[in-house]
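[1] requesting a structural model of the entry that follows:
(chains A and B)
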Protein chains: 2
Amino acid sequence: MELLKERLKRDATVIDGRIVKVDNFINHQIDVNLLNEIGKEFKKRFEGIEVTKILTIESSGIAIACIAAQYFNVPVVFAKKHQGTNMDNDVYETEVYSFTKETNYKVRVAKRYISPEDKVLIIDDILARGNALYGLIDLVEQANATPVGMGIVIEKEFQRGRDMLVDKNIPIASLAMIKEIVDGEMIFR
Amino acid sequence: MELLKERLKRDATVIDGRIVKVDNFINHQIDVNLLNEIGKEFKKRFEGIEVTKILTIESSGIAIACIAAQYFNVPVVFAKKHQGTNMDNDVYETEVYSFTKETNYKVRVAKRYISPEDKVLIIDDILARGNALYGLIDLVEQANATPVGMGIVIEKEFQRGRDMLVDKNIPIASLAMIKEIVDGEMIFR
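    Numbers count the residues shown, from 1 in each chain, chains lettered A, B, ... in the order given. Next comes the predicted model:
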C-alpha cells in the first residue's frame, strides 16, 4: 500500500535498528483519514471472504479495527490485557510472551462475544515476532470459531513472526512489509 | 439521544446499583454503527465550535473518539495509562484517582501531540466521578491548549462528576444522562 509506505518513510522513526515508532499517526496520535484508507484496503484484500466479527487487542489495535469494521459492517471485539473490575468471569484466556518486556502477559475475551459460528478477521497494527497474533488465533480456536484472515498494518519481516503463524493456514494481508532495516532505513518488500 | 437510551435499556447491565456495564456494545464488543450515530450526534452538539484535535483516554475512549473524529475531520490523541517501551520521554502527565480501584494512576500524552494552538474536544465513554475527565482537562491546560468541549456517551449524574468539572466552564454534551438507578433500573433524565 503505497500511501502507507510513504507515510512510514515520512513520519515513522526507527529506534535501535528494529523498533518502528508510529505514534505520530497510528498508536498515540491517530490519523483517522489514513485509517480509512487502511480499512478500505483490508476490505479489498479480503474480498469474497465472509467475516462476521473483527478481533483485535488493546490498545493500539482498537482504532484500526473500528475504522476497518465500517467497511465489513461487523462488530469489533478487543482482547483485554487488563482485567477491569466489571469484566465477565467467563472468558477465553491465553498467554502472550512480550519480547520488549521479556515477560508473559494474559489476554482475554468474554466467551459470549465469540461464538462457534463466527468467522473472525484478526486485525493488529504490527506483526513482529507474532506472539500477540498467535494468542488472538488461540482465543478464536478456543471459541471453536473460524479465523478467516489476519490484517496487519506493518509487518517487520526480519523478526520472522510470520513463521510462527503460517502453519495455521490463515490468509495474512500485511499492508506494508519491512524486509529489513539497514542503517536506520526501512527497506520495503 | 433516544437510540442510545434504548440500547442501554436493552443491552446494559446494572451491577451493585451503580456500575453500568456496556461491554456488549461500547467497551469490549463494539457496535460501530451505533458509534457512528454517536459521532454524528457529537458533531451536532458541538456545531459551530472549532475543533482541531480530539483527546481521549485508553482503552475504552479510543473507538468512540476515532469514529467521532471522522465527523470533525481531525486527528485523535489518546492519553496513555501504560507507558510503552517506545513512548516519548517528553510528556504531559497527570494523576487520576480511580474509585473502583481505590488508587491513583498516571496518564500521559507526548508533548508534541498537543500544542498551544489546539482547540481540543475531549471525548470519553462514561462520566461518573469526573476524575478521568478532570485529568484530561489538566493535560490540555498543561499544553496551554484550549479545551473547547467534552463529549460523553453516558453520564451517571448520581455520582456527581459534573460538579468537579463545571468550574472549568467547558461545554459538556452527555448523550445519555442517568439520573439515578432505582432497584437496578436506570432512570434517565
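[2] contacts and neighbour counts: CA atoms only from here.
    Fine.
[3] burial measure for A:Val166, as a count.
    11 (other CA atoms under 10 Å in any protein chain shown).
[4] mind checking the SS state of it?
    Under the three-state scheme (DSSP: H, G, I helix; E, B strand; the rest coil), A:Val166 adopts helix.
[5] need the pLDDT of the residue most central in space within chain A.
    With distances taken as CA atoms, centre = their mean, A:Asp124 lies nearest the centre of chain A, 1.2 Å away. Note for A:Asp124: predicted pLDDT of 98.
[6] for it, what are its contacts?
    Residues counted as contacts of A:Asp124 (CA atoms under 8 Å, 6 or more residues apart in numbering or on different chains) are A:Thr56, A:Ile57, A:Ser60, A:Gly61, A:Ile64, A:Ala65, A:Leu133, A:Met150, A:Gly151, A:Ile152, A:Val153.
[7] switch to 6 Å and redo it
    The contact partners of A:Asp124, by CA atoms under 6 Å, 6 or more residues apart in numbering or on different chains, come to A:Thr56, A:Gly61, A:Ile152.
[8] name the element the second one belongs to?
    Taking DSSP states H and E as the definition, one finds A:Gly61 inside helix A:60-72.
[9] ok, residues contacting that helix?
    With CA under 6 Å, 6+ apart as the test, helix A:60-72 has contacts from A:Asn27, A:Gly39, A:Asp124, A:Asp125, B:Ala63.
[10] counting neighbours, which of the contacts of A:Asp124 comes out on top?
    Counting neighbours by other CA under 10 Å, the top entry in the contacts of A:Asp124 is A:Thr56, with 28 neighbours.
[11] between the contacts of A:Asp124, which is nearest B:Glu93?
    B:Glu93 has its nearest neighbour among the contacts of A:Asp124 in A:Gly61, at 23.3 Å by CA to CA.
[12] tell me the strands beside the helix or strand hosting A:Leu175, with direction?
    Per DSSP H and E: A:Leu175 is located in strand A:172-182. Strand A:172-182 sits in its sheet next to strand A:146-156 (parallel), strand A:185-188 (antiparallel), going by DSSP bridges.
[13] nearest to B:Gly161, of those?
    When the strands paired with strand A:172-182 are ranked by proximity to B:Gly161, the top entry is strand A:146-156, at 38.3 Å, counting by CA to CA.
[14] now A:Asp118: how far from A:Val51?
    A:Asp118 sits at a distance of 8 Å from A:Val51 (criterion: CA to CA, to the nearest Å).
[15] quick one, helices of chain A?
    For chain A, the helices defined by DSSP state H cover A:2-11, A:32-45, A:60-72, A:131-142, A:161-165.
[16] next, count neighbours for A:Asp167.
    Number of residues near A:Asp167 (other CA under 10 Å) recorded here: 8.
[17] that should have said A:Gly84, apologies.
    10.
[18] for the residue lying closest to A:Met1 once chain neighbours are set aside, give its distance to A:Val153.
    Sequence neighbours aside, A:Leu175 is the residue nearest to A:Met1 in space, at 5.4 Å (criterion: CA to CA, 6 or more residues apart in numbering or on different chains). A:Leu175 sits 5 Å away from A:Val153, going by CA to CA.
[19] between those two, which is the more surrounded one?
    A count of neighbours by other CA under 10 Å puts A:Val153 above the other of A:Leu175 and A:Val153, at 24 against 21.
[20] if we can go back for a sec, now the contacts of helix A:60-72 in JSON lines, with distance to A:Asn169?
    Formatted as JSON lines, those follow (distance: CA to CA, whole Å):
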{"residue": "A:Asn27", "distance to A:Asn169": "28"}
{"residue": "A:Gly39", "distance to A:Asn169": "23"}
{"residue": "A:Asp124", "distance to A:Asn169": "18"}
{"residue": "A:Asp125", "distance to A:Asn169": "20"}
{"residue": "B:Ala63", "distance to A:Asn169": "30"}
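[21] now rank those residues by neighbours and give me the top one.
    Counting neighbours by other CA under 10 Å, B:Ala63 leads the contacts of helix A:60-72 with 29 neighbours.
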